[in-house]
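J.: need a structure here:
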Amino acid sequence: MSSVLNHRFISESSFTSTESKELQLDILGFLNFIHKLGVDIVPITWQSARQPIGWGATSQINEAHISITTSFAFKCASDAQKQRGLSKVLEALMNEIGVLAQPSIRNHPNVVDLQGICWDVESEHEIWPVLILGKSEFGNLHDFVSLPNGRALSTEQRLELCVDIGTAIQDMHNTNIVHGDIKPENVLIFRDPSELGEYIAKVSDFGYSARLLSADDTCLMSRSLPWHAPEHSFDLVGLVQAQKMDVFSFALLCFWVLFEKYLAVEAMFPVEAQWAEEYFPAYKDEHLSKRFLENLKNSNMTSALARELVAADEFLDAGTKQALIHFFTVGLAPEPNSRSQDLGGLLNDLVSRRSARHKSTDATTLHTPEYDYELAVELVDNMSSLYASDYRVRKYLRHCLQERMERNSGSTERQKLAFQLAVCNEIGFGALRDVLLAEKLLQQSGRTRDELQKTLIRVMTSSDSRTGSSNWSILRKLGHVKMINFADQFHQIDELRLAEEEYKREMADIEQSLGKSNGLWMFHSQTLTLIYNKLGQWQNAARILEEALKSATSSGDDEISILQMNLAQMYRHESRLTEAERLLADTLSLLSESYAENDLRVLECKINLALVLKDQNRLQDAVDLLLKALPVIQGMLGRENPTALSTLSNLGSIYFLQSRWSQAEIIHMETKDTCERVLGAYHPFTILSVKNLANLYARGGRFNEAEEMLCACLSRGKRALGEQNPIVLDTFEELANTYISQDRLGEAEAMLSRIVKVRRDVLGPEHPDTIIGMHRLGVCYQRSGRWREAKEMYIQALELSISHFGPKHRSTLHKCLDLASLYMERGYATKAEHLMLEVMRGEEELHDRDESLRIDTLAKLVTVYRQQERLDEAEQAAVQAIGAQSRLHGYHHSLALESKNNLGAILRDQRKYTEAKTVFLEVIGIKELHGVRDAAYLVSKYCLVTVYIAEELWDDAFNLGMEVLGVTEVKFGTHHRLWLLTMEEVIIACTSLERWTDIAELEQQVLKIDDHVWTEDYTNILRVTKSIISALVVQEKWTHAARVSEQVVCNLQRVLGTEDTDTLEYMRLLSWIYTKDGRWSEAEIVMLEVVAKWKLLMGEEHEKTLSHMADLASIYSGQGRNDEVKLLVDHIAGMRQKFIGGAS
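T.: Reported below is the predicted structural model:
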């Protein structure tokens, strides 16, 4: 009696009897096995970072998008199964492939599609095969029912899914195949392509499945709570017993599908079924329904409850109820003898008229080949597929060949292996090309050089005919599938650089042995391009693609268009936008000659062209192109398709750049809601869509909403993708930017420091993303008032940008402008102006002029001219900047409004108060028109307060200032720079209005500010406290003024040190206040310290030192110490005379 053991992924052999000797399987034998079954090696890579969509007992299923219209699921060995060894993993995979390759199963509409195999690569010494299956966009049945789409299923739709599953199991049973592990996690849900809004269920996970050839064959069934049959005891069972156990699991699954809302306590049981509530477990968790079913099953009450619920269901007609009651009575019978194994009969009773959707397939069987240790398939037959795999696969297979040859003593097999190794050495497959070793191996093989050359021609021209009929190949030809990004396999900078060297070496070997005009070299050129792209080395990527295009003269239009679109993307990264536009226009013309306007390749090219137009700030042209492409894509693929959603999202982003904020929000909200509904919260597309909407809110000043969304993105992203995933790191950066906008600088700094460290480790210090992170950290330092650290970080980022991009790249020039802005903010106007003019000259020399950079520089020059009191030049530059920004971005764009605020400030400084107020009121009106209450809106109101102060319109200044304070405190907090600046103006107005009570209340708010704000923004707090002290001085409240001044001096000493000039100036002020309060001794002590510090800092003869000595003399005079006064005055006079004499 033979036996088929199917125990998880690490089960005993699935293809031998219990008495048979266990085989040690290897990859070469596995390749032989799949070759005989006609299973393809598909050029896709499994990526461990992808989100699991289904969990089977024998493996783990993951998804990865590889195209604009489709994606596949990958079934790989778990870590625990890998620990059992490669042989066990191969055994279980071969068992599942043996089932899925059966004709009745392989083409079954309700069985997940076997697309081929690919590789899980951990290192060049550890390679694992991976099954490629049709991917479900809705995940498994267990997860689907909890999604909004699943909750909305009608009873009829749920019944249809049950019949889908039953049809698959019935047709398996018709060919003596037992599934062995039927449960919701092993059923995937797909959209029904023939009926809008309908779904199809497909059975998956055949790791436990077995084909029993006779009644004497036995197998071991899975035990999955609560789905296994009651009689399960881990014993071997025969065909009839196994089929009955499958029937029970299927019936229980149908019970769960139809009535899951009751089992998950989403709805109350009908009155007649409320007796079943006692079977719920005492505690509730995510396994509630499973624990309930297990309790019910153990009490033999499952069938009874099923019948009660069917009878009480108001949506089922009488005939369907009768069929379901019979189905559950027979299918859920606790005793196997009372249970039918004839699933076909049960299904026919359940569905009286089976539609084409539920038509059984032909029961033709295919003999599953026995494992053959002898190598019967040459690697040459799979060479194109293997060269389209990770380079480490080739290294591993080369090592396997070598090991087999060393172990093999049979002359015929050894000669076959020697010839294959000769081919490998001749072309550099898996190791450095070695012609001498190839010749030696050729002699050992007994083959001739002429045979070797013919084999090389086969390698060069072969495209593996079997792959030509696979789903992958069909989708590729239709333009649905892009090349997989092998660079995503390498997560650290060292891995990327090693891969770069390996692919460069292989390209050189292929070129020497086969030339460039072949698919192997072309594929490698694109892989190397992807590696350079991930490294941020876009110039190298463009060089490789340009070389590939020159060698692609014999390639078809499809391959040439792919190369051209990839090259345009590299040009775009390099800011060579004119070249990118020209290349995409040529590509579009080429594709339009062969394909219709609605072809996906044509549409993709249009989308890429629209993105280039966006980068050129030709926003309306980009919108027009997307608006033409979007309806076609939605009509062909559906509104919920990832490509349609991505195109819609791009349109929303451009609307935002056009200041069409409401339309942008509607689009991003629609994209987010659709992704959450269709793909679930943890899908990368969903995470990106939430991030895009959060960015929109952040830029509109809706920081609380933005932060909430970004934090949700991070939680989901870290769980689904890992903390080092680019999407997650970009989300961290966006959250840090939001914190910076709210002056939550400590949180932002911690986050950005971590981002920079991770990017340095993963991508390298010169990667553009690392440089961007460093630059943002510099911005954070600048906003914190940590000027020295900001300057150092800006200079580091600038030097790296010069090294990576060159001095005349737009990225470098932008960083140079930000360094100039730092100098401008610190008051180094001359140095700032010099750098800004250098940026202007550099922009003029760019291959593609950067109008936004030029305008931004001009706008910042306005502030520099103001600092230098060149107000006429500043006004003229501001007017130019506003005009240019309005033409480029639109009159209502945030940058144009920011420049208007600058113009208003210049007019105020020129005492053109009426014109200044007009400008500020215009900005406020535009912001309110669009419902935007961002920082720029509040700045406009603050500036208007300063005009009222200048005009001495104290009541207007006070009322508007209090409004700004209130809104700023709510949006940003009392630590924000704008709140502090406004507080200063309000206190000035209160002083003039003698509103002393208001000043006292405002003072309390200022004094409550945390100490860390002194560290981050002491200059603005000084301005506020100085205004408070001035108000107290006007009231002659000397003791109170002294107390406030003491607190200021204490904070300055802590933040700046005891020798800082700002600290010393406030100590001088404190000394003066002490004299007014009659506290002469304290005044003297403070002033003596001030004089001593100035002597150390500037010398005794410095005018500041002498001035403070004169202050000390006044203190002596106030105390009546006239002799000391005379001595000090004479000393001061002598020092000044000495200085004058020395100067002459």
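
J.: Next, the residue lying closest to residue 1056 once chain neighbours are set aside: secondary structure please.
T.: In this structure, residue 1056 finds its nearest non-sequential neighbour in residue 1063, 5.3 Å apart by C-beta to C-beta, 6 or more residues apart in numbering. Glycine gets a C-beta too; all of them are placed from N, C-alpha and C. For residue 1063, the assignment made with DSSP: H, G, I helix; E, B strand; the rest coil gives helix.

J.: okay, now residue 1063: neighbour count?
T.: Counted with other C-beta atoms under 10 Å, the neighbours of residue 1063 add up to 22.

J.: wait, it sits on residue 1053?
T.: Yes: with contact defined as C-beta atoms under 8 Å, residue 1063 reaches residue 1053; the gap is 5.7 Å.

J.: re the thing from before, and the residue nearest to residue 1056, how far is that from residue 1051?
T.: Going from residue 1063 to residue 1051 by C-beta to C-beta, to the nearest Å gives 9 Å.

J.: likewise residue 711?
T.: Counting by C-beta to C-beta, the separation of residue 711 from residue 1051 is 33 Å.

J.: Looking at those two, which is more packed in?
T.: Neighbours were counted for residue 711 and for residue 1051 using other C-beta under 10 Å; residue 1051 has more, 20 against 14.

J.: Please, which helix or strand holds residue 566?
T.: Assigned by DSSP states H and E, residue 566 belongs to helix 557-573.

J.: average model confidence for that helix?
T.: Average pLDDT, helix 557-573: 89.

J.: Mind giving me the packing neighbours of it?
T.: helix 519-535, helix 538-551, helix 577-594, helix 600-615 (3 or more C-beta pairs under 8 Å, 6 or more residues apart in numbering; DSSP states H and E).

J.: how far is it from where the chain is centred?
T.: Counting by C-alpha atoms, centre = their mean, to the nearest Å, helix 557-573 is centred 24 Å from the centre of its parent chain.

J.: Equivalent analysis for stretch 884-898, please.
T.: The chain centre lies 30 Å from the centre of stretch 884-898; the measure is C-alpha atoms, centre = their mean.

J.: what about it, how long is it end to end?
T.: 13 Å (C-alpha to C-alpha, to the nearest Å).

J.: buried sites along that stretch?
T.: For stretch 884-898, a neighbour-count test (16 or more other C-beta atoms under 10 Å) marks 884-886, 888-890, 892-898 as buried.

J.: if you look at those, which of them are in helices?
T.: Using DSSP state H, the members of the buried residues of stretch 884-898 that fall in helices are 884-886, 888-889, 894-898.

J.: Mean pLDDT per helix and strand in this structure: which one sits at the bottom?
T.: Least confident helix or strand, the chain: strand 3-4 with a mean of 30, by mean pLDDT, DSSP states H and E.

J.: Skip ahead from that one and say which helix or strand is next.
T.: Using DSSP H and E, the helix or strand that follows strand 3-4 towards the C-terminus is helix 27-37.

J.: At which residues are the helices of the stretch 851-1000 of the chain located?
T.: In the stretch 851-1000 of the chain, the helices defined using DSSP state H, counting those that start in this stretch lie at 851-867, 871-889, 894-909, 913-929, 935-950, 954-971, 977-993, 996-1007.

J.: Having no further points to raise, I will conclude here.
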